[in-house]
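[1] predicted model and sequence follow; I will ask about them next.
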Amino acid sequence: MTMTPGIDFPGVGTGLVIRRQDGMVLLYRRLNAPEAGYWNIVGGKVDALEASDEAARREAEEETGLRIGRVDFLCVTEEIIRADRQHWVSLIYVTDDFLGEPQLVEPHKLSDFGWFPPEALPEPLSVFATKAMAALQSRQ
């Protein structure tokens, strides 16, 4: 019997807040659970024997087409999303060290993207992004 992280037991996830020099943050709209249709930071699950910061970089590059440099730890969050029957503990990072222009690289997972000011984020906003933005604001 195959067990699925986040569904059959709490999964370990990671996310990355990608921030431009002008303070705008990159968000993508999710197509799949958890929180399909919600705007979110990029991220995904941490693979076995993969450091969470490397997973954040890998997921961000896969989802955006950007080349990600240095990432800094931002916070740990726990998301219990009862509507999707998912439970994640996520290590969230932040970066302003990237090259390229974001793209819609995984259209089967993500439908839209954009740069947004932290004080005017799109709705609905995922719990992952909500918690990451709160942690980012508390740092400043």
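    Yes, it's here.

[2] leaving out chain neighbours, which residue sits closest to E106?
    Leaving aside its sequence neighbours, E106 sits nearest to E63 (C-beta to C-beta, 6 or more residues apart in numbering; 5.6 Å). All C-beta atoms are positioned from the backbone trio N, CA, C, and that covers glycine.

[3] so when I look at the one you found, I'm seeing a helix, right?
    Yes: E63 sits within a helix when classified using DSSP: H, G, I helix; E, B strand; the rest coil.

[4] tell me how many other residues crowd it.
    25 (other C-beta atoms under 10 Å).

[5] and it, how far is that from D112?
    Shown here: E63 relative to D112, a distance of 13 Å by C-beta to C-beta, to the nearest Å.

[6] quick check: neighbours shared by those two?
    Listed contacts common to E63 and D112 are Y28; contacts here mean C-beta atoms under 8 Å, 6 or more residues apart in numbering.
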